[in-house]
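# let's see this in three dimensions:
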Amino acid sequence: MGTGGAVSQRTQDARRQERLLREQWQAARRQALRWEAVAEGERWVLAQLLVLTARGWRLLVDRRWSGTRTADADMLLVGPGGVFVVDVTTEREPVEGHVSGLLAATKAAESAVASLGMSPVAVQPVMVFAGQRRDASLDRIRLLGEHEIGPVLLSQRHRLRAESVRAIADHLERVFPGYAGSAIEPQLPPAPEPHRPGSPDGLFDLEGLRDAALKGAMEAPIEQWMTFLHPDQVALVRRNWSGPARISGPAGTGKTVVALHRAAYLARRTTGRILYVTFANNLPRVQSTFLTAMAPAVADRVDFRSLHSWAQEFLQERGIPVRLHGDKAETAFSLAWKNVGRASRLASLDPDPTYWHEEIDHVIKGRGLTRFEEYATVPRRRRRASLHRAHRQSVWELYEAYESLRGERGVHDFNDVLSLALAEATRRRGGPPYAAVIVDEVQDLTLVGVRLLHALVGDAPNGLLLVGDGQQTVYPGGFRLTDAGIDIRGDRGQVLRTNYRNSRQILEAALAVVADDAFEDLDGLRTSGRRDVDLTYHDGDVVRVTRPTVDAHDRDLLDALRSLPDGARADTALLCPSMRTLGHYQRLLTQEGVPVCQLEHYDGRAVDAVKLGTYRRAKGLEFKNVFLPRYDAVPGHGTPAGPAVGSAIGPVIGTGTSETARERAELLRSQLFVAMTRARDLLWLGSVTTR
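Next up is the predicted model:
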C-alpha cells in the first residue's frame, strides 16, 4: 500500500473511532435519563462515567441516588487507576454533609477492599461539581468539575489489570448491595494488555486475586511499590494505635512498604504534617519518590528527612547556633588520643583509636551520658569487650580530653546536634510540630536520636511508629526502647514474618553468614541469627565466582554485568564493603563504559545505570540483581563458599583483643548480610583466592 493509501486508512480508522465514541455517548445519555429524580447536570456527569465502562471500567451507582442526599456516595468506580468513591453535587462549594458522607463511604470502601489486600492509597474520594470547571483538593478529597472528571480519571497511574478491575468491582457489589452495576455495551474494546504467563482469565476468588497481585508486583519495575499488600500488612497500615508502636521483622518482610503506606494513610486523615525519618541521608530522596508515585495527592504532606539534617534545621529555625564541623571534630579526637589515650590502658585492649571513638560516639554521647558514674554502670549493648571500672575511667578521661579540645575549636560533632535538638524539643511549648513521626531503620539511631523523635509527639495515639530490625544493625552500640522511655505494649509491637523479596537461594546464602550471630533486638530479646522466615517468592539464583587474581575476578564481573538483559541495569546494584573498594570499582566500570549511578545520588527513579555504593548506603533499598565483588573481604563470615581469606582491599578487622576483633567481625558480617538481602532475583558473589 502506498503512502496515500496509508493516510486514507488512518483517516478511516479515526472516523470509525469518532463514530463509536459518538454512539457510546448517545447510549450513555439515554441510560442516564432513566435517573429521572436526578438533576440534568448530574445526569451529564453520570453519562461521562458510563462511557468509561466501554473501556473496561466498572461503575456501581447507588440505587437511592436522587440528587438530594447528603450522606454516603453516589457512585463507586473501579478502573486501572484504582477505586474512586464519587459524590456528585450541584452546589457551588462543598457542603459539610456531602464531605462527611463521602469520607464515610470512602472509609467503608477501604475496609471492603482491604480483605483483597488492596492498600488504602488505591482508594480515592472524588467530589464532582455539575456545571462547573474545577480541579482542586479539600484535604484528601479531589474536587473536580464536570469537564475535568473524565480526563483526570483516565490520566491516573495504572494500578490494576483488567482481571483485577473485574474482581474488585464484583467484590464491592457483593459488599454494598445498595449499589447496582451500570454500563453501556462495550463497542470500543479496551487496549489489549501484554500477556503474562499464568495470568488468569475471567473472575477468580480472593486468594487468587492476592496471588495474582503479588505476582504482578514482582514482575513490575522495582521502583513501583505494590498497590496490593498482604491483608495483615493492610491491617497494620490502617491500625489505630493507642500510643507509640513498632513494626519489626527479618529482612525482606516489607517493613518499609508498610511504613510508606502508613505515612500516606495518616496524611489523608490528619491536618498536620507527617515526619518520616531515617539515619542515612540518601534514603529520604528515594522514599519521597516512591510515595509521590504511590500517593501523589498527599506526597507534599510528608516530610522525608535524615535525622541529622532535620535536627540542624530544627535548631536553626529556633535561633540556636550550630557549628557542625566533622573534620575539626575528628582532629580534636586524634589529638585527644595522642595526648591521653595512646599511653593509657586502652591501648592494651585495642590500639586502634577507632574502637574508642565509637565508644564515645555510640555509648557515651549516643546515650546522652554526662557523668562518669552513669557511664561506669551503663550496659554497653552490642559491645563485646569487657571494660572494668578502671578501663571505663580511662575512656572517660579520653572523652573529657576530646570534649575540651572540641570546645576550644568552637565546633560541634553530630552527636552534639542531636543533644541540642533534644534539649530544645523538651523545652518547647505549644502543640507538637507533627501529627505523626515515622522512623525507618530505627536500629541505626542512637538513644539520644530516638528520645528526640519521641519528644516531638510523646505518647499520643498514632503519634510515633518505629520500624526496623536489630539483625540489620550496621553501626556499633545499641539500646532498648525502654531506655528511651518508650513502652510498646500488647499489639503495639508487631512482627512481620513473610519474606516478599528474596528467593530461597539468596536468603539461605545470607542467613549462613549470620547463622552463629545471635543478636539482641530493641525489645531486649535475644534472637538466633538463623531465623525462621516464610517465603513467597522462590525464583532466583546465587552465582559464586572464585578467581586466583583480582584482574581475573574483575574480568568475570564485567562479563556478568554486560550479559544482563536490556534494561536490567536499572534494577542492578554493585555494593562494596568500604569506600576504598568503591573507588576501585567506580574507576573500573567508568573505564569500561558501564554506566554507573552513585547510591548517594540515587533518588528512586529508574535510570539505566548500575547503582554503586557501600553496604551501609544500600540500607533500606532493594534491587533485582546485586553484585558483591570480593565479598570475602569480610573475615570470618563463614559462608558455604569456603573459609574467609584476605583481600587485596586490605585488612578490615585490624588489631586488638579477641573480644574487640570478634565484635568488629560480627558487625561486618551484619553489614554483609544487609548487602546480600538487597537482592531479589540474582546475587553475584565474587572471591579472590590470593591473600
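
# can I get whichever helix or strand Tyr399 is part of in CSV, CA atoms only?
Here Tyr399, judged by DSSP states H and E, is contained in helix 389-408. Below are the C-alpha coordinates for helix 389-408, written out as CSV (Å, rounded to 0.1, in the frame of the first residue of the first chain):
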residue,chain,number,x,y,z
ARG,A,389,35.8,0.3,86.1
ALA,A,390,39.5,1.3,85.6
HIS,A,391,39.1,0.9,81.8
ARG,A,392,35.9,2.9,81.8
GLN,A,393,37.8,5.6,83.8
SER,A,394,40.4,5.7,81.0
VAL,A,395,37.6,6.0,78.4
TRP,A,396,36.0,8.8,80.3
GLU,A,397,39.4,10.7,80.5
LEU,A,398,39.7,10.3,76.8
TYR,A,399,36.1,11.6,76.4
GLU,A,400,36.8,14.7,78.5
ALA,A,401,40.0,15.5,76.6
TYR,A,402,38.1,15.2,73.4
GLU,A,403,35.3,17.5,74.6
SER,A,404,37.9,20.0,75.9
LEU,A,405,39.7,20.2,72.5
ARG,A,406,36.5,20.3,70.6
GLY,A,407,35.2,23.2,72.7
GLU,A,408,38.5,25.1,72.2
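
# for that helix, packing partners?
helix 326-336, helix 346-349, helix 372-377 (3 or more C-beta pairs under 8 Å, 6 or more residues apart in numbering; DSSP states H and E). Where C-beta positions appear, they are placed from N, C-alpha and C, glycine not excepted.

# that helix: which residues count as buried?
391-399, 401-403, 405-406 (16 or more other C-beta atoms under 10 Å).

# what sits against the closest residue to Thr331 other than its chain neighbours?
The shortest distance from Thr331 to any non-neighbouring residue, by C-beta to C-beta, 6 or more residues apart in numbering, is to Arg409 (7.7 Å). Counting by C-beta atoms under 8 Å, 6 or more residues apart in numbering, Arg409 touches His325, Lys328, Ala329, Thr331, Ala332.

# roughly how far apart are Arg409 and Tyr402?
Here Arg409 is placed at a distance of 11 Å from Tyr402 (C-beta to C-beta, to the nearest Å).

# can you list residues touching both of the two?
With C-beta under 8 Å, 6+ apart as the test, Arg409 and Tyr402 both reach Ala332.

# quick check: phi and psi on the residue nearest to Thr331?
phi -90, psi -10 (degrees, to the nearest 10).

# can you pull the pLDDT of it?
With respect to pLDDT, Arg409 scores 96.

# and it, how far is that from Thr590?
38 Å.

# now for Gly368, how many residues are close by?
By the criterion of other C-beta atoms under 10 Å, Gly368 has 17 neighbours.

# how far away is it from Asp416?
11 Å.

# ditto for Leu466
Relative to Asp416, and taking C-beta to C-beta, Leu466 is found at 24 Å.

# of these two, which one has the most company?
Leu466 (28 against 19).

# wait, isn't the more buried one in contact with Ala436?
No: using C-beta atoms under 8 Å as the test, Leu466 is too far from Ala436 to be in contact (11.8 Å).

# in the chain, which residue is closest to the centre?
Thr256 (3.7 Å; C-alpha atoms, centre = their mean).

# mind checking pLDDT for that residue?
94.

# which neighbouring elements make contact with the helix or strand that contains it?
Using DSSP H and E, Thr256 maps to helix 255-269. Helix 255-269 sits against helix 231-238, strand 245-248, strand 274-278, helix 283-294, strand 302-306, strand 436-440, strand 464-467, with contacts defined as 3+ C-beta pairs under 8 Å, 6+ apart.
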